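S.K.: 3D model of this:
(one chain, ligands or ions: 2)
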Amino acid sequence: TRRIIIDTDPGQDDAVAILLALASPEIEIMGITAVAGNVPLPLTSKNARIVCELAGRPDIPVFAGCDAPLQRKLVTAEYVHGKTGLDGPVLPEPTMPLQEHHAVDFLIETLRREPAGSVTLCPIGPLTNIAQAFLRAPDIVGRVQEIVLMGGAYFEVGNVTPTAEFNIYVDPEAADVVFKSGVPLVVMPLDVTHKALTTRPRIEAFRSLGTEPGRMVAEWTDFFERFDMEKYGSAGAPLHDPCVVAYLIRPELFTGRRINVEIETTGKLTLGMTVADWWRVSGREPNALFIGDIDADGFFTLLTERIGRL
Ligand code: BDR
Ligand code: CA
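M.R.: Numbers count the residues shown, from 1 in each chain. Ligands and ions are numbered 1, 2, ... in the order given. Below you'll find the predicted structure:
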């Protein structure tokens, strides 16, 4: 089994990613660390607990982390995810407690305690918590097995500015720390997630499971879908974050290239851009496996089957 820490800002697609991990025996979630992103930290740390309880897993430790980017003011995305971050279904208040420890302390202590190379980090929000841990405890960087993250874009370029993807844009300095860390990176950019669309039949497959988690996923994806369909007329909404978890379970669903990726932290028009050297023209050493394609039908088949186990 792959032992992971999910760093997240739920977010409907984050919620589905967490459910996929909880439903999958190939994965052990050591903890969930919440970060400010789609909505502010009090909501993301609450939403992560709602999702654990929905899956019948109140035993998963959930930690609150950074409430703002390293150097910038927080930018949120209620226009996509709704006021709560998990708009769609009516949700109960969580009863499981938030851990008292700060998420950054949990990351540092876990990586120091566990055998080197045995813990994978799965960031699916802005990279603030991870960068903060690396800056405060450089000794943990070499102990991370791998980072598999959702963020950035190449051909698909930006969804929050013309050149930047949300997770990287919110905290570009943090992303810069992570991309320069030397930890093996796997990156799920918009190029991939925009191929994982929640079409009608795919949403109905979740609903047809006839379970509470199945219904929740259907209602979340219904809500999430409205934004893209109304704004872009697309066939469904990109289900970004579950791609990270699916990669851990079925890497053969994805293809990509090992390339160099750097983060723009000063550009006037390009702040937060992932400058991806897809054609390897820079001469800079590859630092990431940048995913370019996904078997979307295989991905949704896996996701539906796993949500059905909950
Ligand atoms: C990313 O931004 C958030 O809105 C989603 O949860 C995802 O992590 C996509 O750009
Ligand atoms: Ca997210």
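
S.K.: which parts of the chain sit against ligand 2?
M.R.: Asp9, Gly11, Asp14, Ile124, Gly125, Asp241 (Cβ under 5 Å from the ion). (C-beta placed from N, C-alpha, C; glycine too.)

S.K.: how about a cut-off of 6 Å?
M.R.: Asp9, Gly11, Asp14, Asn38, Ile124, Gly125, Asp241 (Cβ under 6 Å from the ion).

S.K.: can you name the residues that contact whichever residue of the stretch 201-310 of the chain sits closest to ligand 1?
M.R.: With Cβ to the nearest ligand atom, the shortest gap between the stretch 201-310 of the chain and ligand 1 falls at His240, namely 4.1 Å. By Cβ atoms under 8 Å, 6 or more residues apart in numbering, His240 lies in contact with Asp13, Ile124, Met150, Met188, Leu190, Thr193, Ala196.

S.K.: spatially nearest residue to the last one, not counting backbone neighbours?
M.R.: I take that to be Ala196. Leu239 (4.8 Å; Cβ to Cβ, 6 or more residues apart in numbering).

S.K.: surely that neighbour is in contact with Asp13?
M.R.: Yes - assessed by Cβ atoms under 8 Å, Leu239 is found in contact with Asp13 at 5.4 Å.

S.K.: overlap of the contact sets of these two?
M.R.: Contacts common to Leu239 and Asp13, judged by Cβ under 8 Å, 6+ apart, are Phe224.

S.K.: can I get the biggest helix by length in the chain in PDB, CA atoms only?
M.R.: Identified as the longest helix of the chain according to DSSP state H is helix 212-232. Listed next in PDB are the C-alpha coordinates belonging to helix 212-232 (Å, rounded to 0.1, in the frame of the first residue of the first chain):
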ATOM      1  CA  GLU A 212     -25.300   8.000   0.200                       C
ATOM      2  CA  PRO A 213     -21.700   8.700  -1.100                       C
ATOM      3  CA  GLY A 214     -22.900   8.000  -4.600                       C
ATOM      4  CA  ARG A 215     -25.700  10.500  -4.300                       C
ATOM      5  CA  MET A 216     -23.300  13.100  -2.700                       C
ATOM      6  CA  VAL A 217     -20.800  12.700  -5.600                       C
ATOM      7  CA  ALA A 218     -23.600  13.100  -8.100                       C
ATOM      8  CA  GLU A 219     -24.900  16.300  -6.400                       C
ATOM      9  CA  TRP A 220     -21.500  17.700  -6.100                       C
ATOM     10  CA  THR A 221     -20.600  17.100  -9.700                       C
ATOM     11  CA  ASP A 222     -24.100  18.400 -10.700                       C
ATOM     12  CA  PHE A 223     -23.300  21.700  -8.900                       C
ATOM     13  CA  PHE A 224     -19.700  21.800 -10.100                       C
ATOM     14  CA  GLU A 225     -20.700  21.200 -13.700                       C
ATOM     15  CA  ARG A 226     -23.000  24.200 -13.900                       C
ATOM     16  CA  PHE A 227     -20.100  26.600 -13.900                       C
ATOM     17  CA  ASP A 228     -18.300  25.200 -16.900                       C
ATOM     18  CA  MET A 229     -21.400  24.400 -18.900                       C
ATOM     19  CA  GLU A 230     -22.800  27.900 -18.500                       C
ATOM     20  CA  LYS A 231     -19.500  29.700 -19.000                       C
ATOM     21  CA  TYR A 232     -17.900  27.600 -21.700                       C
END
